[in-house]
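J.: Test case, fold it:
(one chain, ligands or ions: 2)
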Amino acid sequence: MPRVVIDNQEVEVVAGSNLLAAARKLGLDIPALCYHPACEPNTACMACVVRLKNSGGIVPSCATPAEDGVQIESETDEVRALRRTALELLLSEHCFTSPEARASANPSASGVPAVAGWPDCQCLKSDVCRLRKYALLYAADPARYPGRQRTNRVREEHPEITYDSGKCILCGICVQLSAQGDERLSLSFVGRGFELRVDPPLGATLDQALEITARRVAGACPTGALAPRKDR
Ligand code: SF4
Ligand code: FES
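T.: Ligands and ions are numbered 1, 2, ... in the order given. As a prediction, this is how the structure comes out:
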């Protein structure tokens, strides 16, 4: 079995593993937002980077094989600063929901404690959103890269889940999982450039696109973009 060295600690992994799995085996909590074990890695977030000690290269740990003899740095100040930048770039496009908007849209949504100095999103998955979790852990500043925010297209026609494109990080997990799930339509990437988004194709509704896999994709979505309904 291959052995890799992470921050001077050796770990043995199953052949075919990636560096993210090796790091997790050592108990390291790398912010891998766009990775899902059932999906092909698409390296959309770049929050999981590590440094290869041999070449000096910076690589996404989710998409880099854990080959025998590889040595990497994971928890150095430099690598953590790069991850913080990746998180801040994701936050720069993120469309936050104000508590007032959330309350009027879904009065039964449970309140989530506000964090001092950090926008209180109050979306339906504030308690489990991985972008929020790692942004807090890495002290990411949502205002560091001010710019255009993603368009907030909210879909509430599905009986089990809701979709808010303003919180999507384009990881593609929902696209891959719904395509694997024998849906008649499934979700697709739609649009171009900054307007690229995930949506049902061909003008279909969310309930037509996700007849089988709605709860699975909502659970796997790393943010509050796809979320189980709490009002039904
Ligand atoms: S809706 Fe969620 S799972 Fe789908 S691409 Fe966006 S962030 Fe990823
Ligand atoms: S989890 Fe590796 S690039 Fe997103």
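
J.: CA atoms for contacts and neighbours, from now on please.
T.: Will do.

J.: so where's the chain shaky on pLDDT?
T.: Within the chain, the set of residues satisfying pLDDT under 70 comprises 97-122, 232.

J.: list the buried ones in the longest helix seen in it?
T.: What stands out as the longest helix in the chain, according to DSSP state H, is helix 77-93. Using 16 or more other Cα atoms under 10 Å as the test for burial, helix 77-93 gives 79-80, 82-93.

J.: Also stretch 185-203?
T.: Using 16+ other Cα under 10 Å as the burial criterion, the residues of stretch 185-203 that qualify are L185, S186, L187, S188, R197, V198, D199, P200, P201.

J.: Just the residues contacting it, thanks.
T.: When contacts are defined by Cα atoms under 8 Å, 6 or more residues apart in numbering, stretch 185-203 is touched by residues 150-151, 165, 168, 170, 172, 174-175, 178-179, 206, 208-210.

J.: Might you calculate how far it sits from the centre of the chain?
T.: Between the centre of stretch 185-203 and the centre of its chain there are 17 Å (Cα atoms, centre = their mean, to the nearest Å).

J.: end to end, how far does that stretch reach?
T.: Using Cα to Cα, to the nearest Å, one end of stretch 185-203 lies 11 Å from the other.

J.: Next: stretch 168-185.
T.: Between the opening and closing residues of stretch 168-185 we find a distance of 20 Å, counting by Cα to Cα.

J.: Does it reach ligand 1?
T.: Yes. Legend: contact between stretch 168-185 and ligand 1 by Cα under 6 Å from any ligand atom is shown at C168, I169, L170, C171, G172, I173, C174.

J.: measure the closest residue to the second one other than its chain neighbours to S74 for me?
T.: In space, I169 comes closest to L90 once its chain neighbours are excluded; the distance is 6.8 Å by Cα to Cα, 6 or more residues apart in numbering. Applying Cα to Cα, one obtains 20 Å for the distance of L90 from S74.

J.: again, but for H94
T.: 26 Å.

J.: now swap in L19 and tell me
T.: For L19, the distance to S74 under the criterion Cα to Cα works out to 10 Å.

J.: Got phi/psi on the closest residue to L177 other than its chain neighbours?
T.: Take L177 and drop its neighbours on the chain: the residue closest to it by Cα to Cα, 6+ apart is V217, 6.5 Å away. Per-residue torsions, V217: phi -70, psi -40 (degrees, to the nearest 10).

J.: What distance do you get for V217 to ligand 1?
T.: The span separating V217 from ligand 1 equals 6 Å under the rule Cα to the nearest ligand atom, to the nearest Å.

J.: for P31, same thing?
T.: Using Cα to the nearest ligand atom, which is the criterion applied here, P31 is 14 Å from ligand 1.

J.: Secondary structure element holding that residue?
T.: With secondary structure defined by DSSP states H and E, P31 is part of neither a helix nor a strand.
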